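In: please find the sequence and the predicted model below.
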Amino acid sequence: MVNKRLSILLPVIGLFIIILAAGCGASKKYVDQAVGEERARNEAALSNVSTKVDANAAEIERLKSLAQQIEKKADMAINEAKGYENYQIVWEGDVYFNFNSAKITTEAQATLDQAGDKMTTSKGSIMDLAGYCDPTGSDAYNMELGMKRSQAAKYYLVDNFGLNLYRFFDISYGKRKAVPTNEGNTSYAKQRKVHMRIWGRPQQ
């Protein structure tokens, strides 16, 4: 009877063992796959972090280099500016413009030529140019026109005398300093101008 039962149970036990073994194999395969995927994710994450660290290091080096360049240029500017606080006006004059115009006139050229000669002979001198307009028109329009006038005078000197742009400082007052009068166009013509001042070292 026992042998009969064993003969019945043995195939069942064997089948169970086979199923269990298959199940263990499947579980191991799943675990290996999961571990492999996790390892791949970790390696990718580490690679990404490493790339970011390298990129940050490169960016830090770039910023350090840029800071050094800026500091060097600042030092150069300071060295160039030494003594400017002792400058004084060595020449000044006005050039006038027609109504609603920034074109250099023949009369203006004569004055600009004097200024160009002075800047050529006065080594290290600088010039400020202020553009003015009469009271007619809008504030915005006159600010732009005043700048066009000061730049027209500046570029005349640069083009005709070979002077460097860094020696010029231009500004526009537009009509902010214009004075309305009852004299009409005669008075207004005197307000359509660029006032120029050449600054240089005190004459010995």
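Out: Yep, that arrived. What you are looking at is a predicted structure, and each value in this text was computed from that prediction instead of being measured. Numbering: from 1, shown residues only.
In: please count neighbours and contacts with C-alpha atoms only from this point.
Out: OK.
In: tell me which element residue 197 falls in.
Out: For residue 197, the enclosing helix or strand under DSSP states H and E is strand 193-200.
In: so in that sheet, which strands flank that strand, and in what orientation?
Out: Sheet pairing of strand 193-200 (DSSP bridges) gives strand 88-96 (antiparallel), strand 126-132 (antiparallel).
In: return the most buried member of the ones you listed.
Out: For these, the largest average neighbour count (mean count of other Cα atoms under 10 Å) is found in strand 126-132, namely a mean of 24.
In: can you list the buried residues in the helix or strand following that one?
Out: Going down the chain from strand 126-132, the next helix or strand is helix 139-161, by DSSP H and E. Buried residues in helix 139-161, counted by 16 or more other Cα atoms under 10 Å: 142-143, 145-158.
In: with stretch 196-204 instead?
Out: For stretch 196-204, by 16+ other Cα under 10 Å, it's 196-201.
In: so which one among those has the lowest pLDDT?
Out: Looking at the buried residues of stretch 196-204 by pLDDT, the weakest one is residue 201, with 85.
In: that residue and residue 85 touch, don't they?
Out: No - the pair residue 201 / residue 85 is not scored as a contact, 9.4 Å apart, by Cα atoms under 8 Å.
In: ok so, going back, out of the strands paired with strand 193-200, the one nearest residue 57 is which?
Out: In terms of Cα to Cα, the element of the strands paired with strand 193-200 nearest to residue 57 is strand 126-132, at 43.4 Å.
In: next, the angle from that closest one to helix 139-161.
Out: Calculated by axes from the mean of the first three to the mean of the last three Cα atoms, to 10 degrees, strand 126-132 forms an angle of 140 degrees with helix 139-161.
In: can you tell me the SS state at residue 169?
Out: strand (DSSP: H, G, I helix; E, B strand; the rest coil).
In: from residue 172, how far off is residue 117?
Out: As for residue 117, its distance to residue 172 is 24 Å (criterion: Cα to Cα, to the nearest Å).
In: which one of the two has more residues nearby?
Out: residue 172 (22 against 12; other Cα atoms under 10 Å).
In: for the strands paired with strand 193-200, which one sits closest to residue 166?
Out: The minimum distance between residue 166 and those falls on strand 126-132, with 8.2 Å, by Cα to Cα.
In: mind listing residues that contact the closest one?
Out: 119, 145-150, 153-154, 167-175, 177-178, 191-200 (Cα atoms under 8 Å, 6 or more residues apart in numbering).
In: ok so, going back, other residues contacting the strand holding residue 197?
Out: 84, 87-97, 115, 119, 122, 124-133, 146, 149-150, 153.
In: export that strand to CSV, keeping only CA atoms.
Out: Output of strand 193-200 as CSV, limited to C-alpha atoms (Å, rounded to 0.1, in the frame of the first residue of the first chain):
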residue,chain,number,x,y,z
LYS,A,193,24.7,123.7,-32.3
VAL,A,194,27.4,121.4,-31.0
HIS,A,195,29.5,122.9,-28.3
MET,A,196,33.0,121.4,-28.2
ARG,A,197,35.6,121.5,-25.5
ILE,A,198,39.2,120.1,-25.8
TRP,A,199,40.7,119.0,-22.5
GLY,A,200,44.5,118.6,-22.1
